[in-house]
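# Whatever this is, show me its structure:
(one chain, ligands or ions: 1)
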Amino acid sequence: MSTIETAEARERPHGIAAALTETLRGQLLSVGVLALVLIVLTVVAPGVWDGPWLWAAVAVVVVATGLAALGQGPLYDANWLPVLVPALDLLTIMLLLGDPAVPRIVAMLAVVPAFWLGFVGRRRGVWIVALGGVAMGVAMALRIADSAGTTRTANAVGAVLVPLALVAAALFADSYTGRIEQQQRALLEREREQTAMARQLAADGALLDTVFETARVGLLLLDPDGQVQRMNGTLAGHPALANASADAVLSGAQFLELESRQVIPKLEGPFVRAARGESFDNLAFWVERPGEDLIAVTMSSRPLIVEGEFRGSIASIDDITRYMRMLEDRDDFVALVSHELRTPLTSISGYLELALDEEVPADVRSWLEIVRRNTDRLRALVEDLLIVGEMSRGELHLHPHDVDVRQVAEQAVATLEHRARRRGVALRLADGPAAPVQADERRLAQVLENLISNGIKYTRDDGSVDVVVEVDGPDAIVRVVDDGPGIEAAEADRVFERFYRASSARASAVPGAGLGLWICRSIVHAHGGSIAFESEPGTGSAATVRLPLS
Ligand code: ADP
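From the prediction side, this is the model:
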C-alpha cells in the first residue's frame, strides 16, 4: 500500500459498537432510559398501566426500535429512517405524558430525541421538534384549568418551557453539527490537497530519477562539501570509472587545460568550482590520474538552490576523449603532410629564383611570377600548419627579451605597406608612447603582421587600417582597426577557432586557412596576455592585443 493514507481508510469502522449504525445505537440508549423511567413509574404508581397511554407509548417505542434494527440490514439505505426513529421517540414521550398520573418532569426526557433530531435531521429535525414541543405545550396548557397547586404551576411553566427548551436543544444540535461539518469539509479539502501534492511530488521524483538514470551524459550530485552524493549509471558504468566511487577516482586526479595541457590550480579545478556553487557550461579539460590514460571531459554545473538555501551542485560530465584523440590524429596527419611538403617547396622556390634570374622570354617570366606567387602562398600555409602543430604539442619555444611594441608595430606596418598600397588601403600607425614588454620579438611581429594583414585582406577597397599602440595601466595595448564590411557577432565569437573562416571569407577569393588568429591567440597567451576580436557588420572590425608591460 502506498504511504499516502486516505481519509476513508482511517474512518473504516471496527469493533461491535462501530458495527451498529448510529440510529440503532441511539435507539438502544433511548430504550434504556425509557425502561428505567417505566420501572420507576411501575414501582411508584402501578396504576399507570391501567390506562391506554403507556401501552401506546411502549407500542411506538417497539416499532421505533424495530425500524432501527432494520436499518442494520434491509433499510440500511433509507435516509428517512435516522429522522423517523427519534421522531417516534418524541411521540413516545408525548404518549407517556398523555396519562395524567405521569409526572410532567418526564417531558424533560424529550430533550434526548430533540438533540438527536437536531443532529440528524438538521433544519427538518428542528421543525419536527418544534411541532412536538408545541403539541406538548398545548397539552400542558389545557391541563392548567383541571389542576391545582404545584401541579398547576408545573403545567403553566411547562407549557412555555418545554417547547422552548426542546427547540433550543434541537437548534443547538443543528448549528453544532453545521460547524463540525464545515470543519470536516475544510479538513478533508486540506487532506485532499496534501494528497494531491504528495502524489505530484512522488511523480516529479520518479520523473527526475528516470531522467537522471537514462541521461546519456554522466550526472553527478555533489553536496556543499564537494562530496559525491549520487552519480548516474552512465558515469558509474564509464570504463575509466567502473568499480570505483567518484571520490576514489577524483582523489589524486589532476586537471589539465585542454589545449596547453597545463595543470589547472586546485582551487580553480572544475569540481572545486562546482562544489562552490558556480554555474558554468561545457568546460573542457583533461583528467590525469596516476598510472591511467588521460581522459578528456567536458563538464557543466549548476548550483542546487532549495528555498534560497545552497544544497550542493549538479554536474553533467561527458567523455570527449575519443573526439580529442581524433583531433590529435588529424593534427598529426596535418603535421606529417606539411613537414613532407616543406622540403620540396623549398627546392621549388630555390630553382624558381634561379630561373627568374636568367634571361627568359617575357611571357615565360610572367608565368614563372605566377608560379612564385602561388608557391609563396603554399609555403606560408605550410609554415602556419607547422606552427599550429608545434603549438598543439606544446613545443612552441619563446625567447623573450626587452622589446618595444611600438617599434615592432612600425616594422610590421613597413613590411605590409606595399601590400596595402596595392589594394588602395590606407595603412596608418597612430602616434603614441613606447610600450616596453618582455616578448619573443619574432613571434610578436608574427602576431601584429597577421592582424594587420587580416585588416588589409578583409577591408573594402580604398578602406583604411589603423594601428594604435598605447599604454593602459600595467598593460601595453595594440589595436588594429579597419573600416571593412565586418562580420556578424556570432561569427566574431568563433574567429579564434582553428580552421574557422567567416561565411563572407569562405565565399570570397580572399586566401586563408582560418589559422592566423588561432596562432595569434596561442602566441599572446604564451606571453601571459590576452586578445579580443570585435566586429560590426557595415562598420568594421577591431582586434586588440594586451600584453603585460615589463
Ligand atoms: P584567415 O586565414 O582566414 O584569414 P584568420 O584566423 O586570420 O584566418 O581569421 C579567421 C577568420 O576571421 C577569417 O577567415 C575572417 O572570416 C575573419 N576575420 C579575421 N579578421 C577579420 C577582419 N579584419 N575583418 C573581417 N573578418 C575578419
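# which residues in the stretch 401-550 of the chain form strands?
401-404, 426-429, 436-439, 464-472, 475-482, 530-536, 540-548 (DSSP state E, counting those that start in this stretch).
# The fourth one near the ligand anywhere?
No: on the criterion Cβ under 6 Å from any ligand atom, strand 464-472 is out of touch with the ligand, staying 8.2 Å away. Every residue, glycine included, has its C-beta placed from N, CA and C.
# quick one: buried residues of that strand?
If you call a residue buried by 16 or more other Cβ atoms under 10 Å, then strand 464-472 has these buried ones: 464-469, 471.
# want to throw those into TSV with distance to residue 75 and pLDDT?
Shown next, in TSV, are the buried residues of strand 464-472 (distance: Cβ to Cβ, whole Å; pLDDT from 0 to 100):
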residue	distance to residue 75	pLDDT
464	105	96
465	104	97
466	104	97
467	106	98
468	103	97
469	106	97
471	104	96
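# Closest one of these to the ligand?
If you rank those by distance to the ligand using Cβ to the nearest ligand atom, residue 465 comes first, at 8.2 Å.
# out of everything not next to it in sequence, what's closest to that closest one?
residue 455 (3.7 Å; Cβ to Cβ, 6 or more residues apart in numbering).
# Isn't that neighbour up against residue 486?
No: taking contacts as Cβ atoms under 8 Å, residue 455 lies outside contact range of residue 486: 11.5 Å.
# Common neighbours of those two, please.
residue 541 (Cβ atoms under 8 Å, 6 or more residues apart in numbering).
# mind listing the strands for the stretch 201-350 of the chain?
Under DSSP E, counting those that start in this stretch, the stretch 201-350 of the chain gives strands at 218-222, 228-231, 254-257, 280-288, 295-306, 309-319.
# Where does the prediction get shaky in the stretch 201-350 of the chain?
Along the stretch 201-350 of the chain, the model assigns pLDDT under 70 to residues 240-251.
# how about the helices in it?
233-236, 246-250, 270-275, 321-357 (DSSP state H, counting those that start in this stretch).
# now the ones you listed in TSV, with distance to residue 495?
Listed next are the helices of the stretch 201-350 of the chain as TSV, based on distance: least, Cβ to Cβ, whole Å:
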stretch	distance to residue 495
helix 233-236	35
helix 246-250	35
helix 270-275	26
helix 321-357	19
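# closest to the ligand out of those helices?
Here helix 321-357 is closest among the helices of the stretch 201-350 of the chain (Cβ to the nearest ligand atom), at 14.8 Å.
# before we move on, back to that, so who does the residue nearest to residue 465 touch?
Counted by Cβ under 8 Å, 6+ apart, residue 455 has contacts 425, 427, 465, 480-482, 484, 541, 543.
# again, only using 6 Å
By Cβ atoms under 6 Å, 6 or more residues apart in numbering, residue 455 lies in contact with 465, 480, 482.
# Would you quantify the distance from it to residue 156?
Distance of residue 455 to residue 156, given as Cβ to Cβ, to the nearest Å: 120 Å.
# ok, so what distance separates residue 69 from residue 20?
10 Å.
# what do you get for residue 180?
21 Å.
# do the same with residue 237
62 Å.
# likewise residue 98?
31 Å.
# Could you check how far stretch 109-129 is from the centre of its chain?
Its chain's average C-alpha position is 57 Å from that of stretch 109-129, according to Cα atoms, centre = their mean, to the nearest Å.
# Keeping just the C-alphas, turn it into CSV.
The C-alpha coordinates for stretch 109-129 follow below in CSV (Å, rounded to 0.1, in the frame of the first residue of the first chain):
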residue,chain,number,x,y,z
LEU,A,109,-36.9,13.1,28.6
ALA,A,110,-37.8,14.7,25.2
VAL,A,111,-34.5,16.6,25.3
VAL,A,112,-32.8,13.4,24.1
PRO,A,113,-34.8,12.9,20.9
ALA,A,114,-34.8,16.7,20.4
PHE,A,115,-31.0,16.8,20.3
TRP,A,116,-31.0,13.7,18.2
LEU,A,117,-33.4,15.2,15.6
GLY,A,118,-31.3,18.4,15.5
PHE,A,119,-28.2,16.4,14.8
VAL,A,120,-29.5,14.1,12.1
GLY,A,121,-32.5,16.0,10.7
ARG,A,122,-30.9,19.5,10.9
ARG,A,123,-33.5,22.1,9.9
ARG,A,124,-36.1,19.4,9.2
GLY,A,125,-35.5,18.0,12.7
VAL,A,126,-35.8,21.4,14.3
TRP,A,127,-39.3,21.7,12.7
ILE,A,128,-40.4,18.3,13.9
VAL,A,129,-39.2,19.1,17.4
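# can you list the residues that contact it?
26, 82-83, 86-87, 89-90, 93, 166-167, 169-171, 173-174, 177.
# is it true that residue 439 touches residue 400?
Yes: the criterion here is Cβ atoms under 6 Å, and residue 439 meets it with residue 400 at 5.5 Å.
# any idea how far the ligand is from residue 182?
75 Å (Cβ to the nearest ligand atom, to the nearest Å).
# any idea which element that residue lies in?
Here residue 182, judged by DSSP states H and E, is contained in helix 149-214.
# helices or strands up against that helix?
helix 111-143 (3 or more Cβ pairs under 6 Å, 6 or more residues apart in numbering; DSSP states H and E).
# Near the ligand, which residues of this protein are found?
So far as Cβ under 6 Å from any ligand atom goes, the chain lies against the ligand at 454-455, 458, 482, 484, 486-487, 495, 500-502, 505, 512-518, 535, 541.
# ok, back up a step: in terms of neighbours, single out the busier of residue 237 and residue 20.
Taking residue 237 and residue 20 together and counting by other Cβ atoms under 10 Å, residue 20 has the greater number of neighbours (18 against 11).
# SS state for the nearest residue to the more buried one once chain neighbours are set aside?
Nearest residue to residue 20, sequence neighbours excluded (Cβ to Cβ, 6+ apart): residue 72, at 6.9 Å. Look at residue 72: counting by DSSP: H, G, I helix; E, B strand; the rest coil, its state is coil.
# Give me the neighbour count for residue 72.
Neighbours of residue 72 (other Cβ under 10 Å): 13.
# still on that earlier bit, now the strands of the stretch 201-350 of the chain as a markdown table including mean neighbour count?
As requested, the strands of the stretch 201-350 of the chain are arranged in a markdown table below (neighbours: other Cβ atoms under 10 Å):
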| stretch | mean neighbour count |
| --- | --- |
| strand 218-222 | 21 |
| strand 228-231 | 18 |
| strand 254-257 | 16 |
| strand 280-288 | 16 |
| strand 295-306 | 18 |
| strand 309-319 | 19 |
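# Out of those, which gets nearest to residue 55?
strand 295-306 (76.1 Å; Cβ to Cβ).
# Show me what that closest one is packed up against.
Using 3+ Cβ pairs under 6 Å, 6+ apart, strand 295-306 is in contact with strand 280-288, strand 309-319, helix 321-357.
# What lies in contact with the second one?
Among residues not part of strand 309-319, those counted as contacts by Cβ under 6 Å, 6+ apart are 217-224, 274, 277, 297-304.
# can you rerun that using 8 Å?
Residues contacting strand 309-319 (Cβ under 8 Å, 6+ apart): 215, 217-224, 229, 235, 238, 240, 270-271, 274-275, 277, 295-305.
# Paired strands for that strand, with orientation please.
strand 218-222 (antiparallel), strand 295-306 (antiparallel) (DSSP bridges).
# Now for the closest residue to residue 51 other than its chain neighbours: which residues touch it?
Computed as Cβ to Cβ, 6+ apart, the closest residue to residue 51 that is not its neighbour in sequence is residue 99, at 5.1 Å. Shown in contact with residue 99 (Cβ under 8 Å, 6+ apart): 48, 51, 53-54.
# before we move on, back to that, could you measure from the residue nearest to residue 465 over to residue 339?
31 Å.
# how far off strand 309-319 does the helix holding residue 182 point, in degrees?
30 degrees (axes from the mean of the first three to the mean of the last three Cα atoms, to 10 degrees).
# so where's the stretch 1-150 of the chain uncertain?
Ranges of the stretch 1-150 of the chain meeting pLDDT under 70: 1-19.
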